[in-house]
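**Q** My questions concern the predicted model and sequence given below.
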Amino acid sequence: MKYIQIVLMVLSLFLSSCDYLDYDEKDYLLQEDIYSDLERVNSALTGIYVALPSGFNQEGGAMLASASDDAVFAQDASSIHKYFNGAWGPAQTLDSKWSYFTAIRRANRLLEEVEKYQYEDRLYDKDPVYDVLMEELERKKFEARTLRAFYYFELAKRYGDIPLILKTLTVEEANSVSKNSFQEIIDFVVSECTAAAPNLPLSYQNEREKETGRVTRGAALAIKAKALLYAASPLHNASNNQQAWRDAAQAAYEVIDLGQYSLNSNYSSVFNNYNANNRELILESREGPSNYFERTNFPVGYVGGQSGNTPTQNLVDAYEMKATGLAIDHPSSGYNPNNPYAGRDPRLAETVIYNGSNFKGQTVEVFEGGRNGSPLRYATETGYYLRKYVDQTINLEIPNVTQKEHTWVLFRYAEVLLNYAEAMNEAYGPEDPATFGMTALQAVNEIRARSSVSMPPFPSGMSKEEFRTKLRNERRVELAFEAHRFWDIRRWKIAEETTNIYKMEVTNTGSSFTYTKELLETRPFESKMYLYPIPFSETVVNPNMIQNAGW
Amino acid sequence: MNNYSRIKRSVLWCLLVSLSCVSYSVVAQNQNVAITKQDSTAIKNQLLNTLVSETIETGNNEQLSKQHLTSAINKVSGKELEKTLSFNPANSLYGLLPGLTVLQNGGSAGFRNPNLYVRGLNSLNSNAVLVLVDGVETDISTIATLSIESVEVLKDAAALAIYGHRGANGVLLVTTKQGIPQKMDVNVNYQNGITTAVGHPDFLDASGYAQAFNQARLNDGLTPLYSQSDIQAYANGSSPTFHPNVNWVDEALRGSGTKMNFNTSFRGGSDKVLYYAAINYQAENGLYDDKGLEEYETQIKYDRVNFRTNLNIDLTSTTDLVARVYGSIDELYEPGSGNGGGIISAIYNTPANAYPVVNYNGRWGGTNLYGNNPVALINSTGYRKNQGTAIGINATLKQDLAAVTKGLSGELTLRHHNQATSTDGQTKDFLYEELTQNATTMDTISQLYGEDSALSAFSGNGFTERFTSFMGKFNYDKQINDNTINSFVMFNQDKYVGRGQYTTFLRQNLAANIHYGYKDKYLADLTVSYAGSSVLPKDRFEFYPAVSAAWVVSEEDFIADDSWVQYLKLRGSFGYAGSDRIQLNTEDQSYSGVGSYLFTQNNSTAGSIAEGRLGGNPKMERAMMANAGLDVNFFKKLNLSVDAFYNRRTNILVSTGGLTSDVIGVGAPLLPVGEVENKGFEASLTWQDQISDFNYSATAMFSYAKNKIIESGEAPQPYEYMRRTGKPIGQAFGLISDGFFSSQTEIDNSHPQLFSSLLPGDVKYVDQNGDNVIDNFDQVAMGYSYIPEMYFSLNLHADYKGLGFNAIFQGVANLTVNLNTPSVYRPLVNNSNITTFSNNAWTPSNMNTATLPRLTTLDNDNNYRNNDIWLRDGDYIKLRALEFYYSLPKVFLSKFGVDYFKISLRGTNLFSWDDIDQLDPEALSINYPLIKTFNMGVEFTF
């Protein structure tokens, strides 16, 4: 018996040592570690900023312009071509921003969690004192709400009706949410931005940490104005409800009325410039030093260049003659088809590299056998290369490869003026200031009067329709390669008219060049493409997630 | 797929032939051989002995005679491993154990670790087999083959349940040699031989490359790069500076390396002490061509010393001590540019016309595009040394507790193993020069790259690992009349600590077994284990029961002792085992950085933080295993063992992302919902006979395992045929080709293929889903998985008066390989090389007979993707080992005081029969070549 007791004792010893297996070498942070600490809350807010889109590489290395009639992407295996070749569909999504629900969850999580803590550990902080920290925390909550509203607008712009999710979901909840209507999303965006705007500073330069780059009052109002403009546009406003246009005009005027923004005198200084001297910039997406955009977009023939987004003849034709302010197809415009780039809107040379342009100290040759023309691989098919946003000073030649910071414009004052002009024209006509201090005509002429542009103003006395046509052209020119055209042709419901893509055939005759405009390709457009398809798997795991019409 | 079933046919043919031989012999024996009534104890000849009284280790120091075994365990003796004596014992296991799949990998000297699987794949996660050397979890490559007494594979629940959460993937038990009570035997074994590559891809020479490149440019619509006079110059070698023609394989590699193995062991013992002690030295000199340009060597070399002392000591009349001390020291020496991969890829990827090895002025050749001169990488980059040491002790104290109760005994085992690696060396860069010729002035233009730097020393740590285990155990055996009871209860606790975080594993296991036998005829086992592991955050312990039973039919009276069935045993088992090799920390949702953003006027970086994937509820993987088997002996000359199994693995951790809407905005949790079913069988057939002095035997083994994914959290697929669930793990998927486009018109009139722009000569695909577009949704399951379903071998032996031979053939069938190796199968793209594999690529002149798509110098996403052109059957049969030997007669030897003397000639990996061109089907990546060896050896004992 004695032995059996010993045996039992030994055995119980073994079994009682179960906590032997308690071995914890985890060093990662859990939820309560994050939101109970103000510094980490700040990082959590940055986690919402990191999703801000940059349009330098929107899909398959290409800008969204290459999915519109503004450009053709030179690399033929890029997925950007799937917009036209039949591959696009629920199972092969493009420019899929469904992932914005990740940023939205981060915002929801932050807004839920910070309410749970008083941050008493900071009560006796000296610099800054507790009250200042709490004020800043309040502001940060409004930043999170404004960003969330922005992401919702970007989702609704693509997918139309989407679920409006304002809390962190469980798996079961996520698999059963239903869609809210496009209008409900816009209403939400408007109310959030309206609530946030007064609580956000006009500029961060006067704030404690001088963290420019955060969303400002102007940014919140610009998001709201854009959302209302989209809601008023034909795609979402089939009945042409005038109140929608009036709301959009009012919202745009709220930004103008801030008095915070003005146009830069130099058109090209707007891009890749996050500096406070860029008075035009309202919200941007910043990137650290890199050269991938230049690697993609330098013309072939330049070391490292692969041509990338090549502007189309369609876009080039949109640039008017500087002397007359007339479109090139106008008989008295002064356009010379044999010297097509002379005397054009100065923004053309700031946006497009054409045959004979000077780029990086060399004359660009796009013709067959030219320095930058076929048969080089990826040589432009359109006859043009991209200049806007491309930093000429970057060197891709080994071993002195350089990199530069890039800044993608999300909102700028010129767009707000154009939004205002469009909404005012639709609501009140070109020259009625209504209750605001500015007419549609004045707004657009302010853009044309930018000193580096100095295009003749739009004449007065135009009809609403005439003004609309010229304004759409002005918007295309001013905002080229800023990811607007792709969406504008959709919200205007004119995508079917933009399917023929033209190129400029340049031939070197030895002493001079001949220029011939030719049809490059026709890109099929189906009406279902006015909205993006919802990813296939989403509609399978959640039966309430109804696929968009036609897809 | 043309030769698709050639190997399978031949295997089936072989099986048929052997079966008919068996049936013939059964009949023949019945008719012609009158077996006289014998004493049942005397019938136990050698072959029958392996079924009846061979000792089987069932793990945890338990031993049973095979007759008592109720589980599925196969054993192979160390003698068999010596037939393919290799540095890494795992490379001697090909085809020796039914149910154990051993697949060779590439790997340079000293690093040839084959993949081991027991009964194929059972899990979507780790399928790693637990390898225990005398009970210690050990990297099998660190022990010496000649110290191995036996290797066993444990396959069913009855054998594995005792290992609890370690058992589900199967266990390989390696037992080292022990002393035997006899005078001291000194055994000396010396093998020396040469190694050669099993083969190299057949790269085109300079003119062939230039012509292929021109053809590819033409196919791409580009102008040819090389003129006729260039091609002529490449062919006739008239301009070696500007038109070189270099066979890089010949320049950088030598035809053969060397390999040696020297082993001395001392074995003997008295009634108080048994001892086995051995020291083993192995060395391999690799295949690089060290041109001796530097004061240091630049060959790849591997050396290893192993030592081992195993002692069995009777401390008192009731107390035994088993003590083992062992260790190893090894070093891999290699050129400074690193092992295998980099150098071999430079050799394979550099076209023959790229540049001369050395320019006329003595500088290394090289260009901006091709900077890795393989000869320079070997000869002019310094050297590096990777050293490793391992040491271990393993002691068991056994106490007979008959004083307490008769049949009771207890034992304590302590094991500790420690292993560490480090690297050091001196490396340097080299200067190389590109020479070009100005087309008009004919001046030579020199462009220098790199620099001839001085040697720069470096050193670093590799990994360290420690393993400590403690085991306490009570055994109780009792015999009452015809009833035998063997039982034990044991407690095991171990700790493994690797280098860095999340490499520490603590485990406990309380287990018991009771074995009951009636007259050695009816046998039953009940095994339970209650095992826990630190990988789980809570509820760490799981219960793993198993039951098994066997019936030795031949012991029944109705089977006459002189029956042609000399032995017949039926076995069955059912139970559970687990696997704790799961991903760690899936229970928590951790927060971490998700990139940064830039604020302020200086673009100051602000760090971010956000939630990671949701936490889950991890569990051990759980394996349900059922096994039925039989062991039978006919006429004392033929053994047949068959096992059939059904395994079902549940609780496999899988990502549930495919089952979760992305609107959740965060990664879906990993949940233990994965499930895999696996079934198959193994058969082993041995014929062994002796005709006066002529002994011969033949063993054929065949293993078949086919698994099916039941649940894997797979995302919804738009078409049923795209689903991976319901198919085997690793099932190949690809597009079905429909010839090559012959013209632009054909392209224009066919479905769009959305991979890359098309030109004549590109692969045309079949539309599977009828959407008139060819894309990834047209991929269907084709062929098999990357792990063979069938694994088989034939082991032949014959001996006449000490003169004999051994041969091991081993093969696989039903697996699919992907010929996607750049340069070898996918030529020219990304400046890669080209082999004769591409000889029948499409050109406008052979479009009706071409078997491969057009050559191209550009990326071609249409052709170079998974399809039936590149996915091929990877079946093979290899002659793994062939040995001829002569053992000198004892009568002669005794004059010199020598007990045993054997000389042998041996080759390994001599032949492979397969359908794969250029490379070996087991090593399709660009890596240090597989080697074959030719050895001469002497072994003597005195």
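**A** Done, it's in.
**Q** Can you classify the residue of the stretch 151-300 of chain B found nearest chain A by secondary structure?
**A** The stretch 151-300 of chain B approaches chain A most closely through residue B:222 (6.5 Å), counting by Cβ to the nearest Cβ. Just so you know, the C-beta spots here come from the backbone N, C-alpha and C atoms, and that holds for glycine as well. Using DSSP: H, G, I helix; E, B strand; the rest coil as the criterion, the local structure at residue B:222 reads coil.
**Q** neighbours around residue A:212, how many?
**A** 22 (other Cβ atoms under 10 Å in any protein chain shown).
**Q** Could you check how far the residue most central in space within chain A is from residue A:419?
**A** For chain A, the residue nearest the mean C-alpha position is residue A:410 (5.0 Å; Cα atoms, centre = their mean). Plainly put, residue A:410 is 14 Å away from residue A:419 if you go by Cβ to Cβ, to the nearest Å.
**Q** check contacts around residue B:625.
**A** Residues near residue B:625 by Cβ atoms under 8 Å, 6 or more residues apart in numbering or on different chains: B:156, B:157, B:160, B:546, B:573, B:574, B:575, B:576, B:577, B:645, B:646, B:647.
**Q** Neighbour-wise, which one of those leads?
**A** Result: residue B:577 is most packed of those (other Cβ under 10 Å), 35 neighbours.
**Q** confidence score at the nearest residue to it once chain neighbours are set aside?
**A** Sequence neighbours aside, residue B:167 is the residue nearest to residue B:577 in space, at 3.5 Å (criterion: Cβ to Cβ, 6 or more residues apart in numbering or on different chains). We have a pLDDT of 94 for residue B:167.
**Q** mind checking pLDDT for residue A:2?
**A** 57.
**Q** quick revisit: what about the residue lying closest to the residue of the stretch 151-300 of chain B closest to chain A once chain neighbours are set aside, how many residues nearby?
**A** In this structure, residue B:222 finds its nearest non-sequential neighbour in residue A:375, 6.5 Å apart by Cβ to Cβ, 6+ apart. Burial of residue A:375 is recorded as 10 neighbouring residues (other Cβ under 10 Å).
**Q** Now for residue B:501: which residues touch it?
**A** Listed by Cβ under 8 Å, 6+ apart, the contact set of residue B:501 reads A:25, A:27.
**Q** so who does the residue in the stretch 251-400 of chain A that chain B sits nearest to touch?
**A** As assessed by Cβ to the nearest Cβ, chain B sits closest to residue A:286 within the stretch 251-400 of chain A, at 4.1 Å. Applying Cβ under 8 Å, 6+ apart to residue A:286 gives the contacts A:213, A:274, A:405, A:406, A:407, A:408, B:597, B:598, B:603.
**Q** Check whether it sits in a helix, strand or coil.
**A** Under three-state DSSP, residue A:286 comes out as strand.
**Q** Phi first, then psi, for the nearest residue to it once chain neighbours are set aside.
**A** In this structure, residue A:286 finds its nearest non-sequential neighbour in residue B:598, 4.1 Å apart by Cβ to Cβ, 6+ apart. Reported as degrees, to the nearest 10, the phi and psi values for residue B:598 are phi -110, psi 130.
**Q** is it true that residue B:598 touches residue B:608?
**A** No - Residue B:598 is beyond contact range of residue B:608, at 11.3 Å (criterion: Cβ atoms under 8 Å).
**Q** Please report phi then psi for the residue of the stretch 151-300 of chain B closest to chain A.
**A** phi -110, psi 160.
**Q** wait, isn't residue A:209 in contact with residue B:601?
**A** No - using Cβ under 8 Å, residue A:209 is not in contact with residue B:601; the gap is 11.3 Å.
**Q** Check what pLDDT the residue nearest to residue B:145 when sequence neighbours are not counted gets.
**A** Among residues not flanking residue B:145 along the chain, residue B:89 sits closest, at 4.5 Å (Cβ to Cβ, 6+ apart). Residue B:89 carries a pLDDT value of 93.
**Q** show me the contacts for residue B:89.
**A** B:81, B:140, B:141, B:143, B:144, B:145, B:148, B:151, B:174.
**Q** Compute the number of surrounding residues for residue B:322.
**A** A total of 19 residues lie near residue B:322 under the criterion other Cβ under 10 Å.
**Q** tell me what the host helix or strand of it is packed against?
**A** Assigned by DSSP states H and E, residue B:322 belongs to strand B:319-335. Using 3 or more Cβ pairs under 8 Å, 6 or more residues apart in numbering or on different chains; DSSP states H and E, the elements in contact with strand B:319-335 are strand B:301-314, helix B:374-379, strand B:382-400.
**Q** Dump these to JSON lines, plus mean neighbour count, distance to residue B:637 and mean pLDDT.
**A** Shown next, in JSON lines, are the helices and strands packed on strand B:319-335 (neighbours: other Cβ atoms under 10 Å in any protein chain shown; distance: least, Cβ to Cβ, whole Å; pLDDT from 0 to 100):
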{"stretch": "strand B:301-314", "mean neighbour count": "20", "distance to residue B:637": "35", "mean pLDDT": "95"}
{"stretch": "helix B:374-379", "mean neighbour count": "25", "distance to residue B:637": "55", "mean pLDDT": "94"}
{"stretch": "strand B:382-400", "mean neighbour count": "19", "distance to residue B:637": "39", "mean pLDDT": "94"}
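**Q** before we move on, the earlier item: isn't the residue nearest to residue B:222 up against residue B:223?
**A** Yes - contact criterion Cβ under 8 Å: residue A:375 and residue B:223 qualify, at 6.9 Å.
**Q** contacting residues for whatever residue of the stretch 551-700 of chain B ends up closest to chain A?
**A** The minimum distance from the stretch 551-700 of chain B to chain A, using Cβ to the nearest Cβ, falls at residue B:665 (2.8 Å). Neighbouring residues of residue B:665 by Cβ under 8 Å, 6+ apart: A:101, A:102, A:103, A:104, A:105, A:106, A:108, A:165, A:168, A:169.
**Q** What is the end-to-end distance of stretch B:144-158?
**A** 30 Å (Cα to Cα, to the nearest Å).
**Q** meant to ask about stretch B:157-172, not that
**A** Note: stretch B:157-172 ends 14 Å apart using Cα to Cα.
**Q** Of the contacts of residue B:665, which is the most crowded?
**A** Ranking those using other Cβ under 10 Å puts residue A:106 first, with 30 neighbours.
**Q** Can I get the host helix or strand of that residue in CSV, CA atoms only?
**A** Element membership of residue A:106 [criterion: DSSP H and E] is helix A:100-114. The C-alpha trace of helix A:100-114 is given here as CSV (Å, rounded to 0.1, in the frame of the first residue of the first chain):
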residue,chain,number,x,y,z
TYR,A,100,-12.4,50.7,-48.1
PHE,A,101,-14.5,48.7,-45.7
THR,A,102,-11.3,48.1,-43.9
ALA,A,103,-10.6,51.8,-43.4
ILE,A,104,-14.3,52.2,-42.5
ARG,A,105,-13.9,49.5,-39.8
ARG,A,106,-10.8,51.2,-38.4
ALA,A,107,-12.9,54.5,-38.1
ASN,A,108,-15.8,52.6,-36.5
ARG,A,109,-13.5,50.9,-34.1
LEU,A,110,-11.8,54.1,-33.1
LEU,A,111,-15.0,55.9,-32.6
GLU,A,112,-16.4,53.0,-30.5
GLU,A,113,-13.3,52.5,-28.4
VAL,A,114,-12.2,56.0,-27.5
